[in-house]
Every structure is written in C-alpha cells, then in structure tokens.
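S.K.: Sequence and predicted structure below; questions after.
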Amino acid sequence: AALLAPVALVKAVAVLLSGCAASVMVTFFSNFMISGNARGATADSIQLGLDASDQDGNYIDWLVSITDGCGSGQTRRISGYDALTKTLVISKPWQCDPDLT
C-alpha cells in the first residue's frame, strides 16, 4: 500500500500546527492523502491503481510512502507522473523495491 500527500501542504500545516497533538495532525492530513495498493514498482517508479488521476504531472512534488511489504517505511518525492500508465517517477531509487504484498 502507498500514501500520497502534497509536500507543500504537509510543510505548511506542520508549521501552523506545531503545537497541536500528533493525533490532530494525522486526522487533518488524512483528508488530503490518497491511499491504495500499487499495481507494480521498479527501482525508481511505482504504478498506481486505475482510479489515479488522468492528468499528467498531477502528483509532482507530492510524497509517496510505502506502508506494507518490502520497502515499508520508505518515503520519496514524486518527480514525474504519467497519467496514461498511472506511473509515478520518484526522485531517488527505493532502497528495497516495493513488492505487491
């Protein structure tokens, strides 16, 4: 599974809510994050589900985090997005290529 969140939003709200409890921040961010299972991955990309955006470049500068399976805990900045293939290109290769578990 993977989570996507806009970097600018995460940074801005973190500064504004720095005095708030972590649970408040998690609740707030959950309204702006997308989660789901990847359909595939390589060392420098991840293929999203068919319900992902139809607009090229839509997720650029968002963060993608691997939450399960091989690669769990890794987070990368998105540097490209191909809407036709639903593929994110990441800014730095994964340490462990995400699997489909």
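M.R.: The structure has been received and is ready for your questions. Residues are numbered from 1 along each chain as shown.
S.K.: I figured residue 64 hits residue 90, correct?
M.R.: Yes: using C-beta atoms under 8 Å, residue 64 is in contact with residue 90, at 6.6 Å. Placement of C-beta: from N, CA and C, glycine included.
S.K.: What about residue 57, how many residues nearby?
M.R.: Using other C-beta atoms under 10 Å, residue 57 has 12 other residues around it.
S.K.: and if you look at residue 34?
M.R.: 16.
S.K.: Give me the distance between it and residue 95.
M.R.: 23 Å (C-beta to C-beta, to the nearest Å).
S.K.: ditto for residue 41
M.R.: According to C-beta to C-beta, residue 41 and residue 95 sit 12 Å apart.
S.K.: Leaving aside the residues adjacent along the chain, what's closest to residue 50?
M.R.: residue 86 (6.6 Å; C-beta to C-beta, 6 or more residues apart in numbering).
S.K.: tally of neighbours for the one you found?
M.R.: 19.
S.K.: Local confidence estimate at the closest residue to residue 54 other than its chain neighbours?
M.R.: Leaving aside its sequence neighbours, residue 54 sits nearest to residue 83 (C-beta to C-beta, 6+ apart; 5.1 Å). We have a pLDDT of 96 for residue 83.
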